[in-house]
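Undergrad: below is the structure, and that's it, no one-letter string:
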C-alpha cells in the first residue's frame, strides 16, 4: 500500500479510490471526537465534508504491521490548518484499522507567550 497515494485520494475526497485501500472489516477511530466508523461511514464523513482540501504527509514511520503518518491538512483556501496523526494496521496490503488524532493548528496560549517560554519550530530541509 502506498500511503502517499492513500492521502492524495483522501484529500481529493475520492470515495471509490479510498475504498480500495481498506479490508471489508476495517474500522476507523477518530479519538478526539470519540467516533468509531466502518469504512462506508468513514467515506461519508470524509467525502461529504464541505470544501476542497489539500495537504502534505510530513512524516511516515513503519513498524511491523503498523504504519504511522503525520499529515498537514488544510482547505485549499488555507483558512484553517490541522495536523493529523494516524496509526494504520496493515495486513495483506489492506488497512484493517485506523486510529486518528486531529489537532487544530494555532498559536501558543497567551500565558506561555506572556512567560516568553518556547520558540517557534524552525523547519529545515534535510541535507542531501
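TA: Thanks, I have it. This is a predicted model, so every value here is computed, not measured.

Undergrad: show me the beta-bridge partners of the residue nearest to the spatial centre of the chain.
TA: To find the centre residue of the chain, average its C-alpha atoms and take the closest one (Cα atoms, centre = their mean): that gives residue 84, at 3.9 Å. Legend: beta-bridge partners of residue 84 under DSSP bridges are residue 71, residue 102.

Undergrad: contact partners of the helix or strand of the chain with the lowest mean pLDDT?
TA: Taking mean pLDDT, DSSP states H and E as the measure, the helix or strand of the chain with the lowest value is helix 110-115, at a mean of 92. Applying Cβ atoms under 8 Å, 6 or more residues apart in numbering, the set of residues contacting helix 110-115 from outside is 107, 118. Where C-beta positions appear, they are placed from N, C-alpha and C, glycine not excepted.

Undergrad: I figured the residue nearest to the centre of the chain hits residue 99, correct?
TA: No. Proximity of residue 84 to residue 99 does not meet the contact threshold set by Cβ atoms under 8 Å, at 11.0 Å.

Undergrad: how about the helices in this protein?
TA: For the chain, the helices defined by DSSP state H occupy 3-11, 15-19, 39-47, 110-115.
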